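need coordinates for the below:
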Amino acid sequence: MQHGTFKIERDFPHPPERVFAAWADPKAKGKWFAGPAGQWTQIEREMDFRIGGRERLKGKFNRGTVSDFDALYLDIVPRERIVYTYSMHVDEKKISVSLATIQFEAAKVGGRAGTKLVVTEQGAFLDGYDDAGNRERGTQGLLDNLSTSLEK
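Numbers count the residues shown, from 1 in each chain. As a prediction, this is how the structure comes out:
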């Protein structure tokens, strides 16, 4: 087992209400929180955004590998933070268990009202299948998707 922590900070030229909604609204989150376009097909998506609610996203890569994200929401303060735990499985093999904290802070971005987003993850990466570096790169990609989604 390997433990790892990472922190990513991003500025978005959109108010905290809008950035928070992109995480909280199932339809909005479905537009950016997914596997790589053209390489991954969604099998299952569920989202019950409330404290004690669950989120699940399962999909299949073109090469046949199945990924499964299964989360439990522990704390939600609208427009301020989301805290959840989640496990990741690949082909039904558990590869990690993590605690993720998403913080939304009002900030000036490009001279207008915006959001400083801070994502912190603490993970236990199991049996050599993943590590904090790979997970951080994957999260960076998801935040790139979020940025694109917010611009549309």
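
contact partners for R18?
T115, L150 (Cβ atoms under 8 Å, 6 or more residues apart in numbering). (Glycine included, C-beta is placed from N, CA and C.)

now do the biggest helix by length in the chain: everything it contacts.
The longest helix of the chain (DSSP state H) is helix 132-151. Contact with helix 132-151 is made by 2-6, 8, 10, 12, 14, 18-19, 22, 28, 31-34, 36, 96, 98, 117, 119, 121, 123, 125, as judged by Cβ under 8 Å, 6+ apart.

show the pLDDT at K7.
Here, the pLDDT recorded for K7 equals 98.

quick one: the helices in the protein, in order.
Under DSSP H, the chain gives helices at 16-24, 26-30, 132-151.

any figure for the gap between the residue of the chain most remote from its centre and V83?
Relative to the C-alpha centroid of the chain, counting by Cα atoms, centre = their mean, G111 is the outermost residue, at 27.2 Å. G111 sits 31 Å away from V83, going by Cβ to Cβ, to the nearest Å.

cool, A124 as well?
17 Å.

same drill for these two, tell me which one is more crowded.
V83 (16 against 13; other Cβ atoms under 10 Å).

tell me the contacts of the residue nearest to the more buried one when sequence neighbours are not counted?
Spatially, and ignoring its direct neighbours in sequence, V83 is nearest to D75 (4.0 Å; Cβ to Cβ, 6 or more residues apart in numbering). When contacts are counted by Cβ under 8 Å, 6+ apart, D75 touches I51, R81, I82, V83.
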